[in-house]
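Colleague: Just a sequence and a predicted model for now, questions to come.
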Amino acid sequence: MAEILTILNIPMAAEKKNRTLRRPSPGNPTEGFTLMEVMISFLLLALITGSVLVIYTGILAGTNKAEVHLEPLNALEVLSQVFRERAKNTWPVSVDVYSGTFSGLIYDVRDYGKIQNPLDTEKTMEMKRIGIWVYYTVLNAEGKEETRSYATSQLVGN
């Protein structure tokens, strides 16, 4: 039995009892980490975690700001499609200025009429231009409401 334990490099009970704990000498490295190494690693972990948290909150704040501007842009896209079709269907007669509300946003549509032919100023082209504005309010840096707008210009042909 002792031979098998020796081959497997397993110490026998008698050998275990004879072992004594020794203090490491200052120049002799030992197993494990010192208190200073553990504290430095925790400090680095805290710095990295804090940096990631700051980056994440910045991204989240930017996303919230983008969502405020996304709704008016979506409304502008829908309104431009609606009024492009309306301008085609009411060709050439239309209202010069049309205002209303859509999804809680105020909008204006202006019909600038037929486009003048650049080659022959006496004639007009079979196209007209409409302009669409969407107005919305946001809170500025001081916390006051501020009115902003998005606009687009569309060329419409019959």
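Modeller: Good, I have the coordinates.
Colleague: For stretch 112-128, which residues meet the burial criterion?
Modeller: Residues Lys128 are the ones in stretch 112-128 that count as buried (16 or more other C-beta atoms under 10 Å). Where you see a C-beta, it was placed from the backbone N, CA and C, and this is true even at glycine.
Colleague: Can you measure across that stretch, start residue to end residue?
Modeller: End-to-end distance for stretch 112-128, by C-alpha to C-alpha, to the nearest Å: 7 Å.
Colleague: Helices of this protein, residue ranges please.
Modeller: 2-7, 13-18, 35-89 (DSSP state H).
Colleague: By mean pLDDT, show me the worst of those.
Modeller: Of all these, mean pLDDT reaches its minimum on helix 13-18 (a mean of 53).
Colleague: one step back: so for Met125, which of the helices of the chain sits nearest?
Modeller: helix 35-89 (14.2 Å; C-beta to C-beta).
Colleague: what's that closest one packed up against?
Modeller: Counting contacts by 3 or more C-beta pairs under 8 Å, 6 or more residues apart in numbering; DSSP states H and E, helix 35-89 is packed against strand 97-102, strand 105-116, strand 124-139, strand 145-157.
Colleague: I'd like to know which of the helices of the chain is closest to Ala141.
Modeller: helix 35-89 (11.5 Å).
Colleague: can you give me the offset of the closest one from its chain's centre?
Modeller: Distance of helix 35-89 from the chain centroid (C-alpha atoms, centre = their mean, to the nearest Å) equals 3 Å.
Colleague: Return the angle between stretch directions for that helix and strand 105-116.
Modeller: Angle, helix 35-89 to strand 105-116, by axes from the mean of the first three to the mean of the last three C-alpha atoms, to 10 degrees: 50 degrees.
Colleague: Contact partners for the residue positioned nearest the centre of the chain?
Modeller: In the chain, the residue lying closest to the centroid (C-alpha atoms, centre = their mean) is Thr63, at 4.0 Å. Counting by C-beta atoms under 8 Å, 6 or more residues apart in numbering, Thr63 touches no other residue.
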